[in-house]
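Participant: Build me a model:
(one chain, ligands or ions: 1)
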Amino acid sequence: MGSIPTQTPDFPVLYDARPDDMSLPAFMVSTTRGFLPRADPIVSLPAEFDALESILQRMPVETASGEPGLLAHGKLGETVMAELPDLTEHMDKYKDNLPLMNALYRDYSFLASAYLLEPCHMRFVKGEPYGLARDVLPARIARPIKRCSEITKFKPFMEYAGSYALYNYRLVDPSLGLEYSNLRLIRAFERGLDPTSSEAGFVLVHVAMVSHSGPLISGVLSALSSSSSSSSSSSSRQPDQRAKLNSSMSTMLASLRQVNSAMETMWGRSKPRSYTSFRTFIFGITSQSMFPNGVTYEGVEEYGGRPQSFRGESGANDSMVPLVDNFLGVKMPDTPLTEILKDFREYRPSNHREFIAWVKFKSQECGVRDWALGGGKDEEDDDQEQVRESRKLWIMLLDQIREFRWRHWCFAREYILKQTSHPTATGGSPIVTWLPNQLGAVLDEMENIYRDVGGNLGKEAEDIMDLVARQKDTLNKEVRKFCEERGVSRE
Ligand code: HEM
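Facilitator: Below is the predicted model:
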């Protein structure tokens, strides 16, 4: 890996995503592409993998031509056993091309999930419970997925960024870029190769949201650099640093507003009633009734025949919200549900994970929160209007995270809770209580901060806080109702 031109001396965030550099991992944080891969995903595999390509094209319930595919007839498992050789030996020829390794990881992970969950899908379409999935991944899938996951540093199971969502889009016309109507899926389980399908809408709305994350990252970086004084002692901050902090937070706010408005398009692009039919294939192994004893990865020496367990792909592995949580230092309750939130961090591209951890460390080291909220020594020296602006922006940033998590709770209600009684989400979290754990924490945080700074932040902030009080009440009632109906505990 050559030297990388970076934005900050502390963390190698790219300001040039270097799309043609195949020696770098596909996913590295950049101020231009944010958390999207450095270049649009590789679509085609080398000829040695033709057998894999052929099965993947015939695999979806509805193929690109509109014909029923292998999963429509429950024929995937036998086709894999009849046609797919173990291609692991070809993988290492390409190991220095990390984006290509990522494409192979995506494709093997699609095949692995479809292979394992095919029996559950066949029961689901007959209106039966999921029952048990296959619990042995044959060597012809297990060995190559293990090898490319080692090289790409993903888990050897489908992940959100590296596979299902962020490495699964192509552009119809490259000159039109990431405009929504120009996006198509590369791989699908159900009807996703039709761009108007709910499966395509579900995935592509994630891509559309993340396409706005570049300015979020620039804003965070510049807010952190404005907050660290040259001597790292808060008393030496200059007045223009607060102006820079405020303008950086405004940049973050503008980006989050775009992310949230892209999220709102989910309702029209992916229908609540269609979600459960493609979701069968994105469940993980961890905490799922379909995999009571994990999955054995045949032929993978390192596992010595011991069954493995991995979480399923989930937006919970996206990096935007955790980035802002860490920048703002949002306090999560000390509950087993928060432990799941921490575990989700393990399922991200390693560079995203390191960046998010670095932001947490840096934000604490610089004391951004205290300074922004006017609790530091500088308060008397700073222009009071500017301090008030910082406080308001802080509340407004939290409000964007509240909005994201509130809409999310509405998604969970409409796409999942009203459609199915299966108690566990794709990532393996308990469906009724997990999202409210974090949403409740943000609502509490907003009330605490607003109270501690003494309010008085203007009409816009007052309206936000009124909404917070109402949503807190509604959330409590809804969670209580769902818990009672389903007989689950709130913790
Ligand atoms: C129909 C749309 C969606 C549904 C039904 C849905 C469902 C869920 C569920 C059930 C969880 C709990 C974690 C788990 O999987 O075990 C979750 C978490 C999460 N999802 Fe989604 N999701 C949707 C869309 C999105 C989109 C578009 C994004 C954008 C990046 C996203 C980002 C997240 C995040 C960040 C979390 C963690 C929430 C937190 O930290 O409080 N989701 N989602």
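Participant: okay, and the helix or strand of the chain with the least pLDDT?
Facilitator: Least confident helix or strand of the chain, by mean pLDDT, DSSP states H and E, is helix 336-344 with a mean of 91.
Participant: Give the buried residues for the next helix or strand after it.
Facilitator: Moving toward the C-terminus from helix 336-344, the next helix or strand (DSSP states H and E) is helix 350-366. Neighbour counts over helix 350-366 (16 or more other CB atoms under 10 Å) mark 351, 352, 353, 355, 356, 358, 359, 360, 362, 363, 366 as buried. Any C-beta I mention is one placed from the backbone N, CA and C, and that applies to glycine too.
Participant: Same question for stretch 453-463.
Facilitator: 453, 457, 461.
Participant: Any residues of the stretch 351-491 of the chain in contact with the ligand? List them.
Facilitator: Contact residues, the stretch 351-491 of the chain versus the ligand (CB under 6 Å from any ligand atom): 405, 408, 411-412, 415-416, 425-429, 431, 434-435, 438.
Participant: Tell me the confidence at residue 232?
Facilitator: Looking at residue 232, its pLDDT is 45.
Participant: Counting neighbours, what do you get for the residue of the stretch 301-450 of the chain found nearest the ligand?
Facilitator: Among all residues of the stretch 301-450 of the chain, residue 315 sits closest to the ligand, at 2.4 Å; criterion: CB to the nearest ligand atom. Here the number of neighbours of residue 315 (other CB atoms under 10 Å) works out to 20.
Participant: Quick check: pLDDT value at it.
Facilitator: pLDDT, read off for residue 315, is 95.
Participant: do the one 10 residues further on as well
Facilitator: Confidence per residue is given as pLDDT, and for residue 325 that number is 98.
Participant: so it, which of the three states?
Facilitator: Three-state call for residue 325 (DSSP: H, G, I helix; E, B strand; the rest coil): helix.
Participant: can I assume it is in contact with residue 401?
Facilitator: Yes. Between residue 325 and residue 401 there is a contact at 7.0 Å, judged by CB atoms under 8 Å.
Participant: Farthest-apart pair in the residues of the stretch 351-491 of the chain next to the ligand, please.
Facilitator: 405 and 428 (18.8 Å; CB to CB).
Participant: what residues does the stretch 101-250 of the chain put near the ligand?
Facilitator: Counting by CB under 6 Å from any ligand atom, the stretch 101-250 of the chain comes close to the ligand at 202, 205, 206, 209.
Participant: Dump those residues to a markdown table, plus distance to residue 166, pLDDT and secondary structure.
Facilitator: Listed next are these as a markdown table, based on distance: CB to CB, whole Å; pLDDT from 0 to 100; DSSP: H, G, I helix; E, B strand; the rest coil:
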| residue | distance to residue 166 | pLDDT | secondary structure |
| --- | --- | --- | --- |
| 202 | 13 | 98 | helix |
| 205 | 12 | 98 | helix |
| 206 | 7 | 98 | helix |
| 209 | 10 | 98 | helix |
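Participant: And those, which two are furthest apart?
Facilitator: 202 and 209 (11.8 Å).
Participant: quick one on the thing from earlier: okay, the residue of the stretch 301-450 of the chain closest to the ligand and residue 185: tell me how far apart.
Facilitator: Distance of residue 315 to residue 185, computed by CB to CB, to the nearest Å: 16 Å.
Participant: Equivalent analysis for residue 265, please.
Facilitator: To residue 185, residue 265 is 16 Å away according to CB to CB.
Participant: the more surrounded of the two?
Facilitator: residue 185 (24 against 15).
Participant: can you give me the helices in the stretch 301-450 of the chain?
Facilitator: In the stretch 301-450 of the chain, the helices defined using DSSP state H, counting those that start in this stretch lie at 320-328, 336-344, 350-366, 368-372, 384-411, 434-452.
Participant: hey, least reliable of those helices by pLDDT?
Facilitator: helix 336-344 (a mean of 91).
Participant: For the residue nearest to residue 27 when sequence neighbours are not counted, grab the count of nearby residues.
Facilitator: Counting by CB to CB, 6 or more residues apart in numbering, the nearest residue to residue 27 once its immediate chain neighbours are dropped is residue 349, at 3.5 Å. Residues lying near residue 349 (other CB under 10 Å) number 27.
Participant: still on that earlier bit, closest one to residue 481 out of the residues of the stretch 101-250 of the chain next to the ligand, please.
Facilitator: Closest to residue 481, out of all of these and judged by CB to CB, is residue 202, at 26.3 Å.
Participant: so what's the closest one up against?
Facilitator: Going by CB atoms under 8 Å, 6 or more residues apart in numbering, residue 202 touches 266, 269, 270, 275, 278.
Participant: So which of the residues you listed reach the ligand?
Facilitator: 266, 270, 275.
Participant: I figured the second one was touching residue 208, is that so?
Facilitator: No. Under the criterion of CB under 8 Å, residue 270 is not in contact with residue 208, lying 11.7 Å apart.
Participant: what residues are shared contacts of these two?
Facilitator: Shared contacts of residue 270 and residue 208 (CB under 8 Å, 6+ apart): none.
Participant: What separation do you get for residue 475 and residue 206?
Facilitator: In terms of CB to CB, residue 475 sits 24 Å off from residue 206.
Participant: let me fix that: residue 33
Facilitator: For residue 33, the distance to residue 206 - CB to CB - is 15 Å.
Participant: end to end, how far does stretch 315-335 reach?
Facilitator: Across stretch 315-335, the straight-line distance between its terminal residues is 21 Å, by CA to CA, to the nearest Å.
Participant: Check which residues of it are buried.
Facilitator: Residues 315-328, 330, 332 are the ones in stretch 315-335 that count as buried (16+ other CB under 10 Å).
Participant: what do you get for stretch 166-177?
Facilitator: Neighbour-count burial for stretch 166-177 [16+ other CB under 10 Å]: 166, 167, 168, 169, 171.
Participant: Ok, stretch 123-131 next?
Facilitator: Within stretch 123-131, the residues scored as buried using 16+ other CB under 10 Å are 123, 124, 130.
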